[in-house]
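Enquirer: Sharing a model prediction with you, sequence too.
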Amino acid sequence: MVLKLVALIKNVPDTEAKIKINADGSAIESQGIKFVINPYDEYAVEQALLIKEALKDDTTVTVISLGPDRVVESLRTALAMGADEAIHVNDPAFEGGDSQANARVLAETLKTVGPDLVFCGKQGIDFDAAQTPAAVAEYLGFSQALIAVEFELGEDKQTATVTRRVEGGDEILDITLPAVVSCEKGLNEPRYASLPGIMKAKKKEIKTVTLADVGLAAEQVGAAGAKSDVTGFQPLPERTAVKIIAGAADDQVKELVKLLRQEAKVV
Amino acid sequence: MIQQTARSFADNEIAPVADQFSREGKFPADIVRRLGELGFMGMLIPEEYGGTGFGNFCLVLALEEINRACASTGVTMSVHNSLCTGPIIHWASDELKQKYLPKMATGELLGAYALSEPDAGSDPASLSCGAVKDGNEYVLNGSKNFITTGQEADVFIAMVRTDPEVKKTRGISAFILEPGMKGFEVTKKEDKLGIRASSTVQLVFEDLRVPASQMLAEEGMGFKIAMHTLDGGRIGIATQGVGIAQACLDESIKYAEEREAFGKQIGHFQMIQWKLADMAMRIEAARHLVYNASRLKDEGKPHSKEASIAKLFSSEICNECARQAVQIHGGAGYTVDFKVERFFRDARITEIYEGTSEIQRIVISRQLLKNLH
């Protein structure tokens, strides 16, 4: 039984990039910053590749990303890592979508692929919403296991055991396929795109999927279909200087209380 | 993408251990093996022989990133690709190509280049290492010195004198040697100022018997092969200069933004700003000279002058950038606690090997003065 594996990836600003907000506070300036594959999504691609390599059969890995043209570079990198094919979900109608609207589009795209396992990063490091994996699973009616630090495919290839890292410990889930699994740091060690891989990627296909292909109405996607509304962006408040209170413990406490009352006015 | 993989690998895998390898004078064997696995050792090798055939420009992009993290790893990769796989690709018989290239592409076999001798550095035409024909073999006697990667390499391109009777440059031939051959010995490892993780050794050939089939091209072609090969190698060292200089600039910017004096970050002071601006200017210029030379080479156009110009300029600015980087760091830059100390030592060799700056000036002027008699 051959499996169809999918990795959902997002193209996000590099963690080192200096983020600026545009003049009217409505969006971040995306010109001039470097975009990369969402680091958590690298674990997703790697996990799909590891399963494919372990099975040693015709199991395929498809990598999918929703976004504008700049997303293609991330898809190519995933192809260079070893994914077999890529789907670029792109349409002006999808712009401005929130996690829910985007998950809808991704779910419809996934229906055309028919996957057994969908891996994705636990969250995007840009908006940190962490909703897409669960939303996609819900729209598809798939099992879901989120924040995976360990994954083991069942011998029957129809089940899997996933260890979730939750606060206070690890939760172990037995799930049935098809499933959506979101990936946490430590699940695996993502490989570098090798030069032979880059060479092979040149010949691999990147299919484009538009609004028409997903069979949704314009009101269901993008800004129109969003269930949340971003009203503005603000820079983080400037960190003020730190005041160090010196002296013996008793004196420090007295001074601290005085400052909390008189300066910070919180007590 | 090639540049991105090289950059990520350099930042994540090489940079954290580079200072340690330099201090210990230890060859970064695991790093080199992984570079091989990622395909960085087969960038010039055609696909039909197991390489990626990405060419010189792509090699330059990757080499700059590797050199930024560690010049020792950088020179190892440069010598392997340009000075060893290079001549095999251009001059070797199909049999020799099949024998060596696929394994060199994955880094399973590591390459080196043996031209210099104790009495022949800038003047390689005077090399005296001899090879006498005996039936199907040649018997080699002599020594080579300052051979990069000499301790770890599996494949050596060696230039030896096969005919002492003819004009000096016409009597030299090139052979592929393997360290397992009887009579091949690594005798001395140099204790160097810089690029300390790269091994630099002396080789001695004592009645070393080599099959005639190991010769590249024909008898007498050795000097031409050596010079043609050095053009590619020079682009590699020019790239090294850019990489080291860029690393110097990156560290200096970081330091200028952190270090405070007179109540503010030293990056506010014009003298520091001047130094950083000059460094950036020099690096940008050197980078484009390197890009130009590598593109000409990829297009099969003449590139000796451009390669020499790139090497000369890049090595000189690299040393100036390293000097200024130490200066910007002040006393701290003079200690092993900061990377610029290593960059300063590593930079120095770029003006010397693969043709000293003096030799580069001769090569360039020869291309200019065509009508001297």
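Expert: Yep, it's here. Numbers count the residues shown, from 1 in each chain, chains lettered A, B, ... in the order given.
Enquirer: which residue ranges form the helices in the stretch 1-150 of chain B?
Expert: B:2-9, B:15-24, B:29-37, B:56-69, B:71-78, B:86-91, B:94-105 (DSSP state H, counting those that start in this stretch).
Enquirer: make that chain A, sorry
Expert: A:39-55, A:71-81, A:99-113, A:132-140, A:195-201, A:211-214, A:222-225, A:249-262 (DSSP state H).
Enquirer: Could you list the residues in contact with the fourth one?
Expert: For helix A:132-140, the surrounding residues in contact (C-beta atoms under 8 Å, 6 or more residues apart in numbering or on different chains) are A:8, A:99-100, A:102-104, A:106-108, A:110-111, A:118, A:120, A:122, A:124, A:142-144, A:146, A:178-182. Heads up, the C-betas are built off the backbone N, CA and C, glycines and all.
Enquirer: Quick one: closest of the helices of the stretch 1-150 of chain B to B:Arg161.
Expert: Nearest to B:Arg161 among these is helix B:86-91 (17.5 Å), distances taken as C-beta to C-beta.
Enquirer: buried ones in the closest one?
Expert: Buried residues in helix B:86-91, counted by 16 or more other C-beta atoms under 10 Å in any protein chain shown: B:86-89, B:91.
Enquirer: Double-check that B:Glu206 belongs to a strand.
Expert: Yes: counting by DSSP: H, G, I helix; E, B strand; the rest coil, B:Glu206 is found in a strand.
Enquirer: Surely it touches B:Glu185?
Expert: Yes: assessed by C-beta atoms under 8 Å, B:Glu206 is found in contact with B:Glu185 at 6.9 Å.
Enquirer: Now for residue 179: which residues touch it?
Expert: Using chain A. By C-beta under 8 Å, 6+ apart, the neighbours of A:Ala179 are A:116-118, A:137, A:142-145, A:160.
Enquirer: wrong one, I was asking about chain B
Expert: Applying C-beta under 8 Å, 6+ apart to B:Pro179 gives the contacts B:153-154, B:156, B:186.
Enquirer: Report whether stretch A:41-59 contacts chain B.
Expert: No: judged by C-beta under 8 Å from any C-beta of the partner chain, stretch A:41-59 makes no contact with chain B; its nearest approach is 10.6 Å.
Enquirer: What average pLDDT does that stretch get?
Expert: Across stretch A:41-59, the average pLDDT comes to 96.
Enquirer: now swap in stretch A:153-163 and tell me
Expert: 96.
Enquirer: Would you point out the most distant pair within the contacts of B:Pro179?
Expert: The largest separation in the contacts of B:Pro179, counting by C-beta to C-beta, is between B:Asp154 and B:Val186 at 12.4 Å.
Enquirer: where's the residue in the stretch 151-267 of chain A that chain B sits nearest to relative to B:Phe40, distance?
Expert: Closest residue of the stretch 151-267 of chain A to chain B, C-beta to the nearest C-beta: A:Leu195 (2.9 Å). Distance, A:Leu195 to B:Phe40, using C-beta to C-beta, to the nearest Å: 6 Å.
Enquirer: Pull up the gap between B:His90 and B:Leu289, please.
Expert: With C-beta to C-beta as the criterion, B:His90 and B:Leu289 are 23 Å apart.
Enquirer: just B:Ser199 next, same as before
Expert: 29 Å.
Enquirer: again, but for A:Leu146
Expert: For A:Leu146, the distance to B:Leu289 - C-beta to C-beta - is 52 Å.
Enquirer: what do you get for A:Arg76?
Expert: Counting by C-beta to C-beta - A:Arg76 and B:Leu289 are separated by 30 Å.
Enquirer: Could you do B:Gly333 as well?
Expert: Taking C-beta to C-beta, one finds B:Gly333 at 27 Å from B:Leu289.
Enquirer: May I see the helices of the stretch 1-150 of chain B arranged in CSV, with distance to B:Arg366 and mean pLDDT as well?
Expert: Converted to CSV, those look like this (distance: least, C-beta to C-beta, whole Å; pLDDT from 0 to 100):
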stretch, distance to B:Arg366, mean pLDDT
helix B:2-9, 34, 95
helix B:15-24, 37, 95
helix B:29-37, 36, 97
helix B:56-69, 23, 98
helix B:71-78, 24, 98
helix B:86-91, 22, 97
helix B:94-105, 32, 98
